[in-house]
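Enquirer: dropping the sequence and predicted coords here.
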Amino acid sequence: MSADGPPPQAGRLAPGHAWPDLAGRPLRVVGDVHGDTRAFSHAVATDRFIIQLGDLVDHGPDSAGTLRIMFRLIDEGRGMFILGNHDRKLGRALGGRRMRPDPPLEATLAQLDDELRARALAEIGRAPAWMVLGQRAFVHGGFHTGMLEQDPPPGLDGVSHLLSRALFGETTGRMQEDGYPERRLGWVDHIPRGYTVYCGHDRRSPDGRPWVKHGRNGGTAIFTDTGAGKGGHLAWIDL
């Protein structure tokens with residue numbers, strides 16, 4: 001048994017969410033967008049179903065445009081997004097929570113009209129923090145084997161251990177010189193053999209392509225954040 005718990009026998013699509021039936025459907029997995037609407041519009045120009053891995057907003061020039069594209073995909077039954085930490089922060093602000101000063105969030109809020117604010121709050125409130133399809137898992141920050149056995153909780157409520165892992169990955173408790181928490185990737189070693197986890201959040205790529213890391217238990221993590229909205233570009237993977 002690993003520190004993250006025993007691996008289950010099979011992955012599943014957690015019940016209780018109005019997710020479309022994706023069995024056998026070609027997928028396109030899109031990394032962190034961060035308001036890069038131009039790149040996102042290219043990424044979604046496909047007949048494949050879009051699974052966007054969170055952090056639609058903040059930093060880039062047009063978070064409002066990115067949200068509008070995502071919501072159109074949802075309305076057309078052509079896409080969904082996994083809850084990212086920046087999406088959750090926006091949802092909590094829209095829900096009236098008092099937030100610490102945050103220039104990227106404040107810039108995003110200034111772009112949203114009343115209609116888009118209401119839609120964003122609703123969609124962020126029901127976005128899953130993780131999803132499992134067969135032996136593929138989709139999450140923003142980091143994986144835990146409990147995600148293969150438990151449904152994702154409501155994302156705008158309190159932060160459980162699993163939700164924290166999903167949103168923020170695994171941290172050491174120390175801060176880096178850039179002001180961000182120091183992260184570790186021990187969770188990759190607990191991915192069960194044969195499983196692949198698609199995630200964002202951590203910009204690990206050394207060459208502008210999604211970065212692949214294999215774990216000791218035989219599983220694989222693919223990191224898709226290549227810096228869109230932060231001076232990099234947007235990456236996606238077709239499955």
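Expert: Perfect, thanks for sending it. As the structure is a computational prediction, the values presented were derived from the model and not from experiment.
Enquirer: A118 belongs to a helix?
Expert: Yes: according to DSSP: H, G, I helix; E, B strand; the rest coil, the state of A118 is that of a helix.
Enquirer: that one: neighbour count?
Expert: As a burial measure, A118 scores 12 neighbours (other CB atoms under 10 Å). C-beta coordinates here come from the backbone N, C-alpha and C atoms, glycine included.
Enquirer: quick check: it vs I124, distance?
Expert: 11 Å (CB to CB, to the nearest Å).
Enquirer: ok, now M99?
Expert: From M99 to I124 the distance is 14 Å (CB to CB).
Enquirer: the two: which has the busier surroundings?
Expert: For M99 and I124, the more surrounded residue by other CB under 10 Å is I124, and the numbers stand at 24 against 13.
Enquirer: am I right that that one is in a strand?
Expert: No: going by three-state DSSP, the assignment for I124 is helix, not a strand.
Enquirer: ok, now which ones touch it?
Expert: Residues near I124 by CB atoms under 8 Å, 6 or more residues apart in numbering: L83, D87, R88, L90, G91, L94, G155, L156.
Enquirer: which SS state does the fifth one fall under?
Expert: So the one you mean is G91. G91 ends up helix, using three-state DSSP.
Enquirer: the nearest residue to it once chain neighbours are set aside and G194, how far apart?
Expert: Nearest in space to G91, with sequence neighbours left out and distances taken as CB to CB, 6 or more residues apart in numbering, is I124 at 3.5 Å. To G194, I124 is 32 Å away according to CB to CB.
Enquirer: could you do V139 as well?
Expert: 17 Å.
Enquirer: what's the distance between L109 and G142?
Expert: 27 Å.
Enquirer: ok, and what's touching the host helix or strand of L105?
Expert: Applying DSSP states H and E as the criterion places L105 in helix 103-111. For helix 103-111, the external contacting residues (CB under 8 Å, 6+ apart) are 35, 57-59, 62-64, 86, 89-90, 93-94, 99.
Enquirer: just how off-centre is the helix or strand where T172 lies within its chain?
Expert: According to DSSP H and E, T172 maps onto strand 170-175. Its chain's C-alpha centre and that of strand 170-175 lie 19 Å apart, by CA atoms, centre = their mean, to the nearest Å.
Enquirer: in it, what's buried?
Expert: E170, T171 (16 or more other CB atoms under 10 Å).
Enquirer: average model confidence for it?
Expert: Regarding strand 170-175, the rounded mean pLDDT is 77.
Enquirer: restricting to C-alpha, output that strand in CSV.
Expert: Extracted in CSV, the C-alpha atoms of strand 170-175 (Å, rounded to 0.1, in the frame of the first residue of the first chain):
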residue,chain,number,x,y,z
GLU,A,170,1.7,18.8,-3.5
THR,A,171,3.6,21.5,-1.7
THR,A,172,6.5,21.4,0.8
GLY,A,173,5.3,24.2,3.0
ARG,A,174,8.2,26.4,1.9
MET,A,175,8.0,29.5,-0.3
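Enquirer: residues contacting that strand, please?
Expert: By CB under 8 Å, 6+ apart, strand 170-175 touches G142, P181, E182, R183, R184, L185, G186, W187.
Enquirer: so what touches stretch 54-65?
Expert: Residues outside stretch 54-65 that contact it (CB under 8 Å, 6+ apart): 32-38, 66-67, 70, 81-87, 89-90, 104-105, 107-108, 111-113, 116, 127, 140-141, 200-201, 225, 228-230.
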